[in-house]
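# Show me how the following folds:
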Amino acid sequence: MNKISVPEPEENDRPSPRTSPAPLYLDRNDLRETVRKVWRHHRLILATMAVITTLAMVSVLQIAPRYTASALIMIDPRSTKVVDLEEALSGGSHDTEAVFSEAAVLTSRQLIGRLVDKLKLRADPEFNGALRPIPFMQKFNPVRLVHLALAGPQVIPNPDEQMERERNGLVDAVLGHLNVSPRPRTRVISISVESENPQTAALIANTLADLYLVDQLETKFEATQRVTSWLNDRLDELRRKVDASERAVEAYRATSGLIGSKGSTVASQEMTELTSQLTIAHADRAAAEAKLSQVREAISRPNGEDSVTEVLDSSLVQHLREQEGDVERSIADLSAQYGERHPKLIAAHAQLDDVRAKIHSEVQKIILNLENSANVARVRESAVAAQMEELKRQVASSNTSEVHLHELEMEATANRTLMETFLSRFKETSAQTSGEIQTPDARIISRADVPMTPSYPKKTQYVGAALFMSALAGLALAFVAESLDRGFRSGIQFEHETSTPVLAMIPLLENGSKHPADYLVDRPLSAYAEAVRSVYTSLLLTLGDEPLKTIVVVSAQPDEGKTTMALSLARMVAGAGGRAVLVEADLRHPSVHEELGLERRIGLAEVLIGAVTLSEAITKDPRSNAAVLLAGKETLNPSKLMASHQMDTLIATLSRDYDQVIIDTAPVLAVSDALLLANQADGTILCCRWAATSRETAHLGLKELREANARIIGAALTMVDMKKSRTYGYADTAYYNAAKKYYTE
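Sure thing, here's the model as predicted:
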């Protein structure tokens, strides 16, 4: 776009504004703004929720329902042991690992294969994919066709391989429908089967539980048979070993002379007896010597013999002691009657000495007797010890033979003990071989019932999840739409973004209403009329030394309502009793004549080239007292006419003859005509279409006007949808609903 440089006017040529518009309040509450964004796009959110939820419901209804049946098995820790050879036949320890091991057995391919064979699932299309027809769309699936093309020629397997593959496929299909899980902190295993047929689900769960118990019994029975056979063979071998070992013991005993009883030889028995005798002799000798030593010690003390037990026990000594006592009493009596030299007293003393000599003689006999006993004990001990030493020499010569004999006896004993143990276990296992007392290590505590309601799909949960996800998707779309919305939704927003005051927000008339300029004439108290009146009032209040006579109405791009705004403003001035003239300066795409319902005739172009006079070109507005100067015929160089001296003269003439000159121009960003006129006018009003004109476009238009040194009075947001604008919650849009009673629509 070519820009035309225009001279910058003198400072005194521009009337300064009497007042500056106060900045509008911008609500910066993030939470409130978020709620407003959601409410602004609530229809989008609800539509998204409705579409996604409806699709989810349709999808759920298209899914074939599946039913789940569950059976419960408890691993019984009180299992009966058959043979306790490292718990070969019992169920082992029933701890957590054992429970999980049994769960693995329930999902083993061998057990599932028996289930497939028993229930004849080969004929069930649900598990045998070969019986299900290939969907029409799947036949032409590109992935399937590419796979078939890359696979090359198929090798046809033999019937046995084909049966095995088919059976493996059935096992995989059943495993896909099966869920075996131990319950925490219990010995219970849950068997859950999912199927399209509720009866099939219950049948498979119960049959698998039964087959598992039967498999346990068969396993135990087979183990019992194996152990019984092994024990039988082992017992025959042990019998031969026991017989051979016992014969070897007796033969060696006879050849080595190690004859004895109760497992010991004659020499051993004699050694034992002599050891006992030597112990007794030693004890007797020690006791005799101790008694002799004690008596000697007692006698060595004065009157010590009276404390010796043997002395006290002697009847003779006791009799002599009694005589001694009688003599001592007689001496005492005689001493009281006679003197020491009296013959009776001397005879009594002689008698006392004789008694005491007898007592001493008797005590010596007792001591001599004790000495003899001690000597006899010593001799006996020595004899037994000598005999013991002789026997030791005899035993020492036979130690080697006896050691070997002990080895043979131990081997024979061990063989017999082992044979007895195996014989006992053989009897136990033989009694259980019939299987009549075999019991499994588990039991069914709850059989599967036929389910009445499908377990999949859970329609309520699916729809609820779809509703929740659709709400999130709707919110996401709402915020995306909000971020993509680059238009202005309120005057506050416009002023905040551009630092340009907004004179008014022009409402959008409902569909089917009259042309806005005609509506202004017919409804002078309507909201539309009041908005235009606000623009006119702003022009009256924006006064300097000179009144604003020439007003240029522009827009950044076409279809922003500038022509309607210019016509409405001219009619508003005329309706207020002022003399107003509307100049259509858009020579490229004029449209005022269409809005007035007139034919395109002579106008501004003819006046500027001097073809007609101004009075001949001016026409009257059919609906008001405003004068109108139409664009006229097409011209080759509109920009040259706008920059001509004739245009300056024309504007000066109109300013002298009319109170208000309203100039409708071409869009600013389309051509430079508007910039030439805005530079010469007293004021410029920028029309910006509500929600349609992007912020970047508005900024660029204002930039062009400022670079052209145009005096921008303010902007007007045109074609505002008042109902939608209220959802944005700005102060300048929220008032409309409360002020509706002041308008006459």
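# so how far is Thr564 from the nearest residue to Phe494 once chain neighbours are set aside?
Nearest residue to Phe494, sequence neighbours excluded (CB to CB, 6 or more residues apart in numbering): Phe488, at 4.6 Å. In this view, the C-beta of every residue, glycine as well, is placed from N, C-alpha and C. Relative to Thr564, Phe488 is positioned 18 Å away (CB to CB, to the nearest Å).
# Over to Ala251?
Distance, Ala251 to Thr564, by CB to CB: 139 Å.
# again, but for Leu548
21 Å.
# the more surrounded of the two?
Thr564 (23 against 20; other CB atoms under 10 Å).
# Tell me who's in contact with the nearest residue to that one once chain neighbours are set aside.
Spatial nearest neighbour of Thr564, excluding adjacent residues (CB to CB, 6+ apart): Pro516 at 5.1 Å. Contact partners of Pro516, counting by CB atoms under 8 Å, 6 or more residues apart in numbering, are 506, 509, 528, 564, 568.
# Counting neighbours, what do you get for the closest residue to Ser591 other than its chain neighbours?
Distances taken as CB to CB, 6+ apart put Thr563 closest to Ser591, at 5.3 Å, once the chain neighbours are dropped. By the criterion of other CB under 10 Å, Thr563 has 25 neighbours.
# Counting by contacts, list what whichever strand or helix holds Thr563 packs against.
Using DSSP states H and E, Thr563 sits within helix 562-575. Applying 3 or more CB pairs under 8 Å, 6 or more residues apart in numbering; DSSP states H and E, we find helix 562-575 packed against helix 516-522, helix 527-541, strand 550-555, strand 580-584, helix 592-596, strand 660-664, strand 683-689, strand 712-720.
# I'd like these laid out as CSV, including mean pLDDT and distance to Ala466.
Output for these, formatted as CSV (pLDDT from 0 to 100; distance: least, CB to CB, whole Å):
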stretch, mean pLDDT, distance to Ala466
helix 516-522, 90, 46
helix 527-541, 91, 43
strand 550-555, 96, 46
strand 580-584, 96, 57
helix 592-596, 90, 51
strand 660-664, 96, 54
strand 683-689, 95, 39
strand 712-720, 93, 37
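# Can you lay out those as a markdown table showing distance to Ala414?
Output for the helices and strands packed on helix 562-575, formatted as a markdown table (distance: least, CB to CB, whole Å):
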| stretch | distance to Ala414 |
| --- | --- |
| helix 516-522 | 122 |
| helix 527-541 | 118 |
| strand 550-555 | 118 |
| strand 580-584 | 131 |
| helix 592-596 | 127 |
| strand 660-664 | 127 |
| strand 683-689 | 112 |
| strand 712-720 | 112 |
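# Give me the longest helix you can find in the protein.
If you go by DSSP state H, the chain has its longest helix at helix 198-256.
# If you count contacts, what does that helix end up packed against?
Under the contact definition 3+ CB pairs under 8 Å, 6+ apart, helix 198-256 sits against strand 67-75, helix 96-106, helix 109-119, strand 188-195, helix 399-432, strand 442-446.
# rerun at 7 Å
strand 67-75, helix 109-119, strand 188-195, helix 399-432, strand 442-446 (3 or more CB pairs under 7 Å, 6 or more residues apart in numbering; DSSP states H and E).
# thought the residue nearest to Phe494 was touching Cys688?
Yes: between Phe488 and Cys688 there is a contact under CB atoms under 7 Å: 6.2 Å.
# Report the set of residues contacting both of the two.
Common contacts of Phe488 and Cys688, defined by CB atoms under 7 Å, 6 or more residues apart in numbering, comprise 494, 698, 717.
# among these, who's most crowded?
Busiest of the shared contacts of Phe488 and Cys688 [other CB under 10 Å] is Leu717, holding 31 neighbours.
# Least confident secondary structure element in the protein?
Lowest by mean pLDDT, DSSP states H and E among the helices and strands of the chain is strand 260-261, with a mean of 52.
# can you give me phi and psi for Ala627?
When read as degrees, to the nearest 10, the backbone of Ala627 gives phi -90, psi 150.
# swap that for Gly561, sorry
phi 80, psi 20.
# From Val668, how far out is it?
Using CB to CB, Gly561 is found at 14 Å from Val668.
# The two: which is more packed in?
Neighbour tally, Gly561 and Val668, criterion other CB under 10 Å: the higher count belongs to Val668, 28 against 23.
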